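Participant: Below is the sequence, then the predicted model.
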Amino acid sequence: MAIKIQYRQNNLKFKYPFTISKGTKTHQPSLLVELDFNGIKGYGEAPAISYYNITVEKMIADIEKKRAFLENYSFTHPDRYWHYLYHLFPFNTFLTAALDIATWDIHGKLKNQPLFELWDTDMTRAPLTDYTIGIDGIERMVEKMEEKPWPIYKIKLGTREDITIMEALRKHSDAVFRVDANAGWTLEEALEILPVLKQLNVELVEQPLAKGDWDGMKILYEKSPLPLIADESCVWETDVKKCLHHFHGINIKLTKCGGITPALRMIAEARQLGLKIMIGSMNESSLGSAAIVHLSPQADYIDADGPLLLEEDIATGLHYDAGRITLENKPGLGVELKN
């Protein structure tokens with residue numbers, strides 16, 4: 001049976017302007033896709049991220065250009081459809097991710113099982129999600145923490161005041177701190193900052209150096225007192241092995257790698273190599289975040305706080321309680337669109 005596709009463009013407002021070392025944004029543009037397979041509908045989402053040069057308009061243009069190919073494919077299993085999508089859109093993993101997530105939603109509904117059950121995983125083993133504090137004035141960052149008491153915070157850094165920021169935040173919270181520099185440091189800066197972060201009981205640091213600075217990461221990996229997690233340096237499946245002996249773990253983001261299907265393969269490879277695994281967010285709504293949550297029992301760390309950062313959401317079905325995310329007992333992704 002063929003697939004019918006529809007889509008919708010969203011521009012979701014953040015509760016607060018969201019600032020990282022690469023810039024500030026007030027809204028998160030994203031594409032919602034709906035696939036209809038013989039009356040069973042599956043949903044997927046892909047946020048548009050400017051520094052990856054993929055816009056919602058680009059995703060829509062690619063759908064329309066290849067609509068006949070998308071809709072005339074005889075769907076059997078997400079793995080097969082993903083390989084088909086990969087060849088259709090070799091330079092647009094964002095769109096591939098949205099479509100792949102939607103096909104897994106359909107697959108789960110056909111099997112009448114939540115995705116985590118299809119993968120024979122136990123949701124009670126899922127780690128807690130962190131809550132992200134974007135770069136801001138120190139007083140405002142403290143206010144954001146106090147407004148959202150949480151067991152784990154991810155602190156965005158990459159400024160001239162990073163040590164001052166972390167020292168100030170630590171005075172106001174005993175929670176677990178994770179740091180995400182978003183490639184905002186030089187090697188020399190990282191070597192100076194990491195020991196201080198260790199003293200401040202930081203758990204790990206994401207992407208300290210520029211994504212292509214493998215020589216610098218080799219040095220930092222050997223000297224770092226904290227686990228280092230690759231983000232921008234680990235985009236596709238082929239990047240997993242490159243991270244060995246440069247990072248202690250990888251952050252798998254479904255939008256970057258092309259969806260659930262390649263993420264499952266990346267998880268398996270990372271486990272084989274002894275790398276820690278984080279499943280990360282790109283500020284998805286509850287729709288895209290649900291896919292992360294279903295994968296969470298297979299990870300060491302989870303960053304699935306997208307819906308908490310948004311003023312508006314497009315779906316229901318995820319429930320947050322002090323870092324613990326629960327799903328409704330429904331097949332597939334287990335979420336429903338609001339309208």
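Facilitator: Here it is on my side, so go on. Numbers count the residues shown, from 1 in each chain.
Participant: Whichever strand or helix holds Y16 packs against which elements?
Facilitator: Using DSSP states H and E, Y16 falls within strand 3-20. Judged by 3 or more Cβ pairs under 8 Å, 6 or more residues apart in numbering; DSSP states H and E, strand 3-20 is in contact with strand 23-37, helix 56-65, helix 67-72, helix 306-309. Every residue, glycine included, has its C-beta placed from N, CA and C.
Participant: List the buried residues for the longest one?
Facilitator: Of all the residues in strand 23-37, those buried under the rule 16 or more other Cβ atoms under 10 Å are K25, H27, Q28, P29, S30, L31, L32, V33, E34, L35, D36, F37.
Participant: how much does it deviate in direction from helix 56-65?
Facilitator: With axes from the mean of the first three to the mean of the last three Cα atoms, to 10 degrees applied, the angle from strand 23-37 to helix 56-65 works out at 20 degrees.
Participant: if you average pLDDT over whichever helix or strand comes after strand 23-37, what comes out?
Facilitator: Next along the chain after strand 23-37, taking DSSP H and E as the criterion, comes strand 40-47. Regarding strand 40-47, the rounded mean pLDDT is 97.
Participant: Check which helices and strands strand 40-47 is in contact with.
Facilitator: In terms of contacts (3+ Cβ pairs under 8 Å, 6+ apart), strand 40-47 is packed against strand 23-37, helix 93-111, helix 286-295.
Participant: hmm, 10 Å instead?
Facilitator: Judged by 3 or more Cβ pairs under 10 Å, 6 or more residues apart in numbering; DSSP states H and E, strand 40-47 is in contact with strand 3-20, strand 23-37, helix 56-65, helix 93-111, helix 254-257, helix 286-295, strand 336-337.
Participant: Buried ones in the first one, by neighbour count?
Facilitator: Buried residues in strand 3-20, defined by neighbour count with 16+ other Cβ under 10 Å: I3, Y7, N10, L12, F14, F18, T19, I20.
Participant: Kindly provide the distance from the fourth one to I63.
Facilitator: Note on L12: its distance to I63, by Cβ to Cβ, to the nearest Å, is 20 Å.
Participant: what does V202 give?
Facilitator: 42 Å.
Participant: again with E34
Facilitator: Counting by Cβ to Cβ - E34 and I63 are separated by 12 Å.
Participant: swap in Q28?
Facilitator: 20 Å.
Participant: what about the closest residue to N201 other than its chain neighbours, neighbour count?
Facilitator: Among residues not flanking N201 along the chain, F177 sits closest, at 6.8 Å (Cβ to Cβ, 6 or more residues apart in numbering). F177: 21 surrounding residues under other Cβ atoms under 10 Å.
Participant: secondary structure class for F177?
Facilitator: strand (DSSP: H, G, I helix; E, B strand; the rest coil).
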